[in-house]
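# have a look; sequence and predicted model below, questions after that.
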Amino acid sequence: MTRPGLGWNVTFSTVAGGSNISIVTIQVVDNDGNAVNECLMMDVWLSSASTGIGYAGVSDTFNVVSGGNGTDMLVLNAADGTRVLTSATGTYDAEITDAGKAAVYVCCTVPGQGGRIAVSDVLETADYG
């Protein structure tokens, strides 16, 4: 059994999806970099700031990838934020759709870390299909 609050973090990996789509996988990991195999709740949002402060405010949308890992639970901001449950392997697959392919950051609260946030590298045009 894993124990929250003992060095958990997240990793982000990005692949281009279909037309104007970027898929970002968020994986909760322990302090050794191993996947935390638990279903966990976290907030996920898009920000235009590398600090993760604020919403992106661009004409994008995001949601869990159809057939992907995780479940969307509660919309926090119409296009830019949602509360999610990871899969039982601590994974959430976010599908970001943006015809303008805006430069945004995927941000999330890190489970078990008292509100600490993590911010991805910037999504750029090449990250979208």
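Arrived safely, thanks for sending. Numbers count the residues shown, from 1 in each chain.

# what's stretch 95-105 in contact with?
17, 20-24, 46-50, 52, 56, 58-66, 68, 106, 119-125, 128 (C-beta atoms under 8 Å, 6 or more residues apart in numbering). Glycine gets a C-beta too; all of them are placed from N, C-alpha and C.

# for that stretch, give the mean pLDDT please.
Mean per-residue pLDDT for stretch 95-105: 87.

# buried residues in it?
For stretch 95-105, burial by neighbour count (16 or more other C-beta atoms under 10 Å) applies to 95, 96, 97, 98, 101, 102, 104, 105.

# list the ones among those residues that fall in strands.
Counting by DSSP state E, the part of those found in strands is 95, 96, 97, 105.

# need those residues in a markdown table with distance to residue 12, can you?
Output for these, formatted as a markdown table (distance: C-beta to C-beta, whole Å):
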| residue | distance to residue 12 |
| --- | --- |
| 95 | 14 |
| 96 | 12 |
| 97 | 18 |
| 105 | 9 |
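
# of those residues, closest to residue 33?
residue 105 (21.5 Å; C-beta to C-beta).

# and the closest one, how far from residue 75?
19 Å (C-beta to C-beta, to the nearest Å).

# residue 27 too?
23 Å.

# and the two? which has more neighbours close in?
Per other C-beta atoms under 10 Å, whichever of residue 27 and residue 75 has more neighbours is residue 27, with 21 against 12.

# the more buried one: helix or strand, and which one exactly?
strand 21-29 (DSSP states H and E).

# what mean pLDDT does that strand have?
Across strand 21-29, the average pLDDT comes to 94.

# ok, now stretch 44-51?
Mean predicted confidence for stretch 44-51 is 94.

# if anything else comes up later, I'll come back, but that's it for now.
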